[in-house]
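Colleague: Sequence and predicted structure below; questions after.
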Amino acid sequence: MKKEIVTGIIFLLIFALTLVNIYVLKNLTDGLLDLIDQSRAYAEKGDWENAISKAKEAEERWNRADPYTHIVIRHSEIDSATDAFYDLLKALYSEEAGNAKGAYMALTAHITSIEGMDKVKLGSIF
Amino acid sequence: MAIVFIRTVIVFVVLILSMRIMGKRQLGELELSEVVVAVLISDMASHPLQDIGVPLMNGILPVIVLLCCQILISGAIVSSVRFRAFICGRPSILVENGQIIQKEMKRNRFTVDELTEDLRKKGFTDISKVKYAILETDGTLNALPYATEKPPSAAQLNIDVEDFSIPYCIISDGKVITRNLVESGHDIQWLNTQLSIRDINSPRDVYYMTVDNLGKVYFLAKEQEV
């Protein structure tokens, strides 16, 4: 019976850790989306310097989380999001409003999809 | 990760139920939950090995979850008769008093050819000589003859026979298994004496040696290499 109790505890612990993972991932993506929104607001006003600063801050935060994200997220998804960050920075440095708008949309979609990937929904389970 | 966890549990339960519906014949000699884990683990663990883009955790987590499921199911099977009947089913009597029970045959999707084949493996060529043939929960068929068809035992014949005991392997391919030596109630000194009686200098020269509780020693020296 002791073995079953220990197993049951491990089973519940793993489930709890998966829920913690959702929370940590949501925190990370929410922070990133917030910074991207701030950067977008600056870019829409034509304040490219601050837009770049906020976008770089988001990109650095994303890269800092790399050891964690590589454990829990498919590597292809991480690479796509990283590419989207650099596409955005490229558009911001060249101060192209149209390109930047598209790059913001692409990056937001990537980050949102990473957050949604591990959300417990019927759609993602089945 | 939570999705991987939930998916693993769902697939485990679905496989348990579907294999349960498939019937005992698919199982061989493994417990149902063991079969399910064996089927799943072999495939799951290999994905992160083949594709380095998949986090290793995606392969490890389901394996651990499956292991937990298997241990929990096995624990529940041991402690609850109802759960055991639900997961493992009940033994089915396919032949009773030499008569094939067709309803049970149909229920277990067992053909007469398969039944006769299994009975032949057990040494029965004539179904009328079978008192009971029982399909066990692990998928094996056990056949019991009528009492009149059974060979008489030593007790029935009032014959004194020497009892036997399980032999302990003391030396295997030149290596002394100390634990078995102690469990058999002997020590190294006894072993050395046994070896010197047989003109053997070292256990390394022994291929196989056993001793049972009655002190009967089986000894096989290593063949000399040419």
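Modeller: In hand now; what should we look at?
Colleague: pLDDT weak spots in chain A?
Modeller: Within chain A, the stretches with pLDDT under 70 are A:123-126.
Colleague: wait, does the helix ranked longest in it contact chain B?
Modeller: Assignment by DSSP state H gives helix A:2-44 as the longest helix of chain A. Yes - interface with chain B: helix A:2-44 contributes A:3-4, A:7-8, A:10-11, A:14-15, A:17-19, A:21-22 (Cβ under 8 Å from any Cβ of the partner chain). For every residue, glycine as well, the C-beta is placed using N, CA and C.
Colleague: Dump the residues you listed to JSON lines, plus neighbour count.
Modeller: Conversion of the residues of helix A:2-44 next to chain B to JSON lines gives the following (neighbours: other Cβ atoms under 10 Å in any protein chain shown):
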{"residue": "A:3", "neighbour count": "11"}
{"residue": "A:4", "neighbour count": "18"}
{"residue": "A:7", "neighbour count": "18"}
{"residue": "A:8", "neighbour count": "14"}
{"residue": "A:10", "neighbour count": "16"}
{"residue": "A:11", "neighbour count": "20"}
{"residue": "A:14", "neighbour count": "17"}
{"residue": "A:15", "neighbour count": "17"}
{"residue": "A:17", "neighbour count": "14"}
{"residue": "A:18", "neighbour count": "20"}
{"residue": "A:19", "neighbour count": "14"}
{"residue": "A:21", "neighbour count": "19"}
{"residue": "A:22", "neighbour count": "19"}
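Colleague: Return the closest of the residues you listed with respect to residue A:77.
Modeller: When the residues of helix A:2-44 next to chain B are compared for distance to residue A:77 (Cβ to Cβ), residue A:21 wins out at 14.6 Å.
Colleague: wait, isn't that closest one in contact with residue A:120?
Modeller: No - taking Cβ atoms under 8 Å as the definition, residue A:21 is not a contact partner of residue A:120, at 11.1 Å.
Colleague: Can you check which residues contact both of those two?
Modeller: Shared contacts of residue A:21 and residue A:120 (Cβ atoms under 8 Å, 6 or more residues apart in numbering or on different chains): residue B:2.
Colleague: I'd like to know which elements the longest helix of chain A is packed against.
Modeller: With contacts taken as 3 or more Cβ pairs under 8 Å, 6 or more residues apart in numbering or on different chains; DSSP states H and E, helix A:2-44 sits against helix A:48-64, helix A:66-72, helix A:75-93, helix A:97-117, helix B:2-22, helix B:57-79.
Colleague: try 6 Å this time
Modeller: If contacts are counted by 3 or more Cβ pairs under 6 Å, 6 or more residues apart in numbering or on different chains; DSSP states H and E, helix A:2-44 sits against helix A:48-64, helix A:97-117, helix B:2-22, helix B:57-79.
Colleague: The third one near chain A anywhere?
Modeller: Meaning helix B:2-22. Yes - on the criterion Cβ under 6 Å from any Cβ of the partner chain, helix B:2-22 is in touch with chain A at B:2, B:3, B:5, B:6.
Colleague: ok, and the closest non-adjacent residue to the third one?
Modeller: What it means is residue B:5. Leaving aside its chain neighbours, residue B:5 sits nearest to residue A:18 (4.7 Å; criterion: Cβ to Cβ, 6 or more residues apart in numbering or on different chains).
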